[in-house]
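K.L.:
could you look at this predicted model? Sequence included:
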Amino acid sequence: MDVIQEFSKYFSKVIGIDSMYTYLIISTIITIIIFSIIKKIGMIVIKKVDNRKKEFSFNKKLQNFMTFVEILVVICIWSDYIKSFMTLISLLSATIALALRDLILNFCCGIFIKIKKVFAIEDRIEIQGIKGDVVNLKALNFEVLEVNGDDISGQSTGVIINFPNSVVFTEPLKNYTKGFTYIWQEIDIPLCLDGDITEARHTVYKIVNNIDTIKNVPKRMENQIKNLIFSYRVYFNNYEPIVYTKMVGTHVELKLRYLVHPKNARVIESQIWEKILYEYKQGNICLTDSVQPVSIKENKKEIPKSED
């Protein structure tokens, strides 16, 4: 401390500032440097953790804790001089509040997000027409890894979008994973009007019920509903996959409805369509477009014989 005081006196003469304020400024800078080094060391130690989720969680907690302690230390350094600034601060408080209203609002909204758990890291949300997975929560903003596609089954674009925390108060927000880990996904399957609808329904049921990822979901979803019954007025009469029949124009449409995790929706939909197309080639399902029915026999065109 004596070294810092001596250096402060020397430096104050050079820049023409009172030695006491020079001492406080130098002490504050040294404190910030020390805590920055501690944070870097902590990050190096945490990187040895094999689990990436735990690594991210430990790092966030360490950074928040060290920042809190750092602020306390700086306040202690300036504590004897803070009172002398109170009168000036009170006169400038209205101006400061007006100038920093957005920062204050974002900070308060950040506290609201964490207390009310509006969303958390890895939740898939949609806000301002943008869908993505939450990858970071900060005091003033949160970051979302964008997913593409018109529906929620899209995959990452690699683009990280930054939102101010206050957006949760001004824009409607969809959370696809809060409360319920799974969502209802629907697939429209167009069939020939003259095809065997009963056989097609049976084939679709067989396809969806033979996918392990879908088979295990209903029981898990039912347990989640039971655990959240006191928080949400939500219930389902059925958790199993179901197929509805509908007449659309010149063809029949089967609507397959099933539960799936939002992040697996695209993969599962692809698996279902691959199996449907396989059954189509086997003659078990007669698919059509929205204009004219197409049967398997019609697809088999004869090669015209040569007249030579």
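P.N.:
That came in fine, so what should we check first? All figures in this text were calculated on a predicted structure; none of them were measured in a lab. Numbers count the residues shown, from 1 in each chain.
K.L.:
what's the mean pLDDT across stretch 62-69?
P.N.:
Mean per-residue pLDDT for stretch 62-69: 84.
K.L.:
so which residue is smack in the middle of the chain?
P.N.:
Asp133 (2.4 Å; Cα atoms, centre = their mean).
K.L.:
what residues does that one make contact with?
P.N.:
122-125, 144-145, 147, 156, 263 (Cβ atoms under 8 Å, 6 or more residues apart in numbering). (Glycine included, C-beta is placed from N, CA and C.)
K.L.:
looking at the residues you listed, which one is closest to Arg101?
P.N.:
Nearest to Arg101 out of the contacts of Asp133 is Val144 (Cβ to Cβ; 24.2 Å).
K.L.:
bridging residues for that closest one?
P.N.:
As for beta bridges, Val144 partners with Val134, Ile161 under DSSP bridges.
K.L.:
got it, and Tyr244?
P.N.:
Going by DSSP bridges, Tyr244 forms beta bridges with Lys255.
K.L.:
for it, which residues are in contact?
P.N.:
For Tyr244, the contact set (Cβ under 8 Å, 6+ apart) comprises 254-255, 257.
K.L.:
pretty sure Ser270 belongs to a strand, no?
P.N.:
No - according to DSSP: H, G, I helix; E, B strand; the rest coil, Ser270 belongs to no strand; its state is helix.
K.L.:
what's the neighbour count on it?
P.N.:
11 (other Cβ atoms under 10 Å).
K.L.:
can you start the count at 429 instead of 1 from here on
P.N.:
Renumbered: residue one is now 429, and that last one reads Ser698.
K.L.:
where's it relative to Ile541, distance?
P.N.:
34 Å (Cβ to Cβ, to the nearest Å).
K.L.:
and if you look at Asn576?
P.N.:
25 Å.
K.L.:
got it, and Ile670?
P.N.:
Ile670 is 36 Å from Ile541, by Cβ to Cβ.
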